[in-house]
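[1] pasted the sequence and its predicted model underneath.
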Amino acid sequence: MKKLLLVLGIILFGSLCQASDTVLTGGVDFDWVNLPQVQRDAQIADYQSKIFGEEIVTKISKKDFKNTYKDFIKDKYYKSNYKLASNGITETSDAKLCGFFYKESILYMYAIQFKKTPKTVYYYSAYGRLSYVDTMSENYPNYPYYSKQVRSNGTLAGAIYFVSHDLQYIYKPDGEFKGVWYKDKMFDRKGKQILTRSNW
């Protein structure tokens, strides 16, 4: 939920501008703004199918969620993990950590990705309560892969298809296409730039 709020915050505070008709290049070619609409729609549908399959499931039962993640509902070491994340420590011997801050100084959430099970990231409140889980597809960490974010109440928060480090397709919980990030710019279905981000 907090990651979704973070993304929404970036969306709300990102600067909006028009896309130009130039091809952006990097690790992959990105010519989204120059593609015919039919090709953009085909790419969107292809990645949506890879993430969601034939049926878009937007919720798992709270009971199933708790059974699946019963050992992670409460972070047993939240005091030490909170302190580590607050102090900018991003890695320990057994996990990677990421802190999320309000006004750059108040830690309101932290994430843990255990090295033994890197395909799952657990997001906790400052008090060590599980907020949501991010699960990656089998191909992770190799590109392409996708991830789904599920809140602790079992509802899907969203999904992302990672083509590369520079290129990600973002989908809403119902499978609707939200936009495509290329580096620090997000484009909509029509090829119009709609957002920028500073944390790329």
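    Sure, I can see it.
[2] tell me where the protein has helices.
    Here the chain has its helices, by DSSP state H, at 2-13, 37-52, 62-68, 78-86.
[3] just tell me which of those helices ends up closest to Phe101.
    With CB to CB, the closest approach to Phe101 among these belongs to helix 78-86: 8.6 Å. (Each C-beta comes from the backbone N, C-alpha and C, glycine too.)
[4] please name every helix or strand in contact with the closest one.
    strand 95-102, strand 106-114 (3 or more CB pairs under 8 Å, 6 or more residues apart in numbering; DSSP states H and E).
[5] which of those strands is buried the deepest?
    Highest mean neighbour count of the helices and strands packed on helix 78-86: strand 106-114, a mean of 18 (counted as mean count of other CB atoms under 10 Å).
[6] export the helices of the chain to a markdown table and tack on distance to Pro173?
    Formatted as a markdown table, those follow (distance: least, CB to CB, whole Å):
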| stretch | distance to Pro173 |
| --- | --- |
| helix 2-13 | 9 |
| helix 37-52 | 10 |
| helix 62-68 | 15 |
| helix 78-86 | 27 |
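[7] closest one to Asp31 among those helices?
    Once the helices of the chain are compared by CB to CB, helix 37-52 is nearest, at 9.6 Å.
[8] quick check: buried residues in that closest one?
    Arg40, Gln43, Ile44, Tyr47, Gln48, Ile51, Phe52 (16 or more other CB atoms under 10 Å).
[9] chain neighbours aside, what residue packs nearest to Phe65?
    Leaving aside its chain neighbours, Phe65 sits nearest to Gly154 (4.3 Å; criterion: CB to CB, 6 or more residues apart in numbering).
[10] re the thing from before, same list, the helices and strands packed on helix 78-86, but as TSV with mean pLDDT and distance to Val150 please.
    Shown next, in TSV, are these (pLDDT from 0 to 100; distance: least, CB to CB, whole Å):
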stretch	mean pLDDT	distance to Val150
strand 95-102	90	18
strand 106-114	92	14
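[11] turn these into CSV, including distance to Ser147.
    Listed next are the helices and strands packed on helix 78-86 as CSV, based on distance: least, CB to CB, whole Å:
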stretch, distance to Ser147
strand 95-102, 14
strand 106-114, 11
